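In: I would like to see how this sequence folds:
(one chain, ligands or ions: 1)
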Amino acid sequence: MAFKKRRPHKRVNKNEVRLMERAAQERQVMSVGSLLTRFPSVSRLDIQMDFVSHHGHLLGSEHRTFEANDLLNFFADCPGRCGNGRMDVEAAVKQMINNQQTSRDTNGTCKETLFAGSSETCDCELRCKITAQYAPVTAEEAKE
Ligand SMILES: [Zn+2]
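Out: The predicted structure is shown next:
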């Protein structure tokens, strides 16, 4: 008689998936690294963030300065009506540094809906000014 070993089918519930996604997101933040490891040509990075509601009120401001060994963090929690929006300025920072620019303005709007199933979005605006100071090129590097 053929004997078949039955392996229980592992079911992943939605909650587990959500937890795994969250852990992956957190790992992503962790792996962003320090200014020195990510952008070795930059000696100092400043990010000024102003959050403006869709009515034009200033909801909050934040200034971040990163130097050599400071861990980078390009995420900002939206202080707007959504309560769970997240802004990310990493792409703008990368582009600015790739282009060797010393300053760049970037704006973003939170597209988070106000509650599940709502068609109304938060529309809180992030006005962001990024400035970078580049490390002087050393004689060693100039030779290459
Ligand atoms: Zn928002």
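
In: The ion contacts on this structure?
Out: With Cβ under 5 Å from the ion as the criterion, the chain meets the ion at residues C78, G80, C82, G85, C110, E112, C122, C124. Quick note: C-beta positions are derived from backbone N, CA and C, even for glycine.

In: how about 8 Å then?
Out: Selection of the chain residues close to the ion by Cβ under 8 Å from the ion yields 78-85, 110, 112, 121-124.

In: Please spell out the PyMOL selection for the buried subset of those residues.
Out: The buried residues among the residues of the chain next to the ion can be selected in PyMOL (16 or more other Cβ atoms under 10 Å) with this line:
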select buried, resi 78+79+80+81+82+85+110+112+121+122+123+124
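
In: Redo the residues of the chain next to the ion as a markdown table? Include distance to L72.
Out: Shown next, in a markdown table, are the residues of the chain next to the ion (distance: Cβ to Cβ, whole Å):
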| residue | distance to L72 |
| --- | --- |
| C78 | 19 |
| P79 | 21 |
| G80 | 24 |
| R81 | 28 |
| C82 | 24 |
| G83 | 25 |
| N84 | 22 |
| G85 | 20 |
| C110 | 21 |
| E112 | 23 |
| T121 | 28 |
| C122 | 25 |
| D123 | 27 |
| C124 | 23 |
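
In: The residues of the chain next to the ion in helices, which ones?
Out: The members of these all map outside helices under DSSP state H.

In: now the residues of the chain next to the ion in CSV, with pLDDT?
Out: Shown next, in CSV, are these (pLDDT from 0 to 100):
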residue, pLDDT
C78, 95
P79, 94
G80, 93
R81, 91
C82, 93
G83, 90
N84, 89
G85, 93
C110, 95
E112, 94
T121, 94
C122, 95
D123, 95
C124, 96
